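A.B. asks: Sequence unavailable; structure follows:
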């Protein structure tokens, strides 16, 4: 009996050793109705389909789907005359597609529906002035930043000395126009609770409504405020040197895809190193 016990123990040690090295034979683990042909043959340390990624899907299909609102100059603007998207991030999206060796297809979305559309696989990446924040990072993957900005008031030029602080704006007499679902509305709801706030569905309409006196203030990003003030002498971009907040713009993709996110970060690094983001900034923002 003692000899048999030793044989069993020895067999167990050998089996565990073979499993640990990855070379256990199929015979040691053969079971009824399971054949060697049906077993997945994987080399030690490898996982089947480990390379599968949305990046592979994009390359295989031959185009990348880019979600854009088309209402946020200078990052993205759907020109009604040409029905074409134009702007900083439109050019960036085209550069991304070119480096991937694919075409680019723009998919319309909204600020309030952007996250839902991304999670429902309507597009592969959201671009067009997307703000990096921890709230979005909980649900998706937001890349490194490529431009720094802050929230500031776009006002009439005649009021440039009137709205210099949160306290100046946070009054019932001050009329604010804000687009729904984005970080502009989040800021307004958090800090301007006493002001007279109106939600305007089309973000592109708000600067003109401020200029003609319908609203007094538009809270937006410094870059957008400067863009509209440059285009319309009736408007003034206040506090752009000292905005109320400080944030960065990034690109948003589904989370949990290491290969895709790593490619995106490397591509952005290259855009910075080669001065391509700087060139886009000069083209669209200076």
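C.D. replies: Here it is on my side, so go on. Everything numeric in this text was worked out from a predicted model, so none of it was measured.

A.B. asks: all contacts plus neighbour counts: C-alpha atoms, from now on.
C.D. replies: Fine.

A.B. asks: Is the closest residue to residue 64 other than its chain neighbours in a helix, a strand, or coil?
C.D. replies: Excluding its sequence neighbours, the residue lying closest to residue 64 (Cα to Cα, 6 or more residues apart in numbering) is residue 104, at 5.1 Å. Secondary structure, DSSP: H, G, I helix; E, B strand; the rest coil: residue 104 is strand.

A.B. asks: contacting residues for residue 104?
C.D. replies: Shown in contact with residue 104 (Cα atoms under 8 Å, 6 or more residues apart in numbering): 63, 64, 65, 66, 93, 94, 97.

A.B. asks: Among the residues you listed, name the ones in helices.
C.D. replies: Of the contacts of residue 104, the ones assigned to helices by DSSP state H are 93, 94, 97.

A.B. asks: Residue 64 is in contact with the last one, correct?
C.D. replies: Yes. Using Cα atoms under 8 Å as the test, residue 97 is close enough to residue 64 to be in contact (6.6 Å).

A.B. asks: and for these two, which residues touch both?
C.D. replies: Here residue 97 and residue 64 share the contacting residues 103, 104, scored by Cα under 8 Å, 6+ apart.

A.B. asks: Quick one, grab the pLDDT at residue 70.
C.D. replies: You'll see residue 70 listed with a pLDDT of 97.

A.B. asks: how much space between it and residue 114?
C.D. replies: Using Cα to Cα, to the nearest Å, we find residue 70 at a distance of 12 Å from residue 114.

A.B. asks: Same question for residue 252.
C.D. replies: 10 Å.

A.B. asks: These two: who's more crowded?
C.D. replies: residue 252 (27 against 22; other Cα atoms under 10 Å).

A.B. asks: ok now the strand or helix carrying residue 208, how far from the chain's centre?
C.D. replies: Using DSSP states H and E, residue 208 falls within helix 206-211. Mean-position distance between helix 206-211 and its chain equals 27 Å (Cα atoms, centre = their mean, to the nearest Å).

A.B. asks: All further residue positions should be reported with the first residue as 514.
C.D. replies: With the count now opening at 514, the last piece we talked about shows up as helix 719-724.

A.B. asks: Which residues belonging to that helix are considered buried?
C.D. replies: By neighbour count on 16 or more other Cα atoms under 10 Å, the buried set for helix 719-724 is 719, 720, 722, 723, 724.

A.B. asks: how about JSON lines for those residues, with pLDDT and distance to residue 775 added?
C.D. replies: As requested, these are exported to JSON lines (pLDDT from 0 to 100; distance: Cα to Cα, whole Å):
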{"residue": "719", "pLDDT": "97", "distance to residue 775": "37"}
{"residue": "720", "pLDDT": "97", "distance to residue 775": "38"}
{"residue": "722", "pLDDT": "98", "distance to residue 775": "42"}
{"residue": "723", "pLDDT": "98", "distance to residue 775": "42"}
{"residue": "724", "pLDDT": "98", "distance to residue 775": "44"}
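
A.B. asks: could you measure the residue nearest the centre of the chain against residue 652, distance?
C.D. replies: The residue lying closest to the centre of the chain (Cα atoms, centre = their mean) is residue 765, at 1.9 Å. Separation of residue 765 from residue 652 (Cα to Cα): 10 Å.

A.B. asks: just residue 591 next, same as before
C.D. replies: 27 Å.

A.B. asks: what about those two, which has more around it?
C.D. replies: residue 591 (19 against 14).
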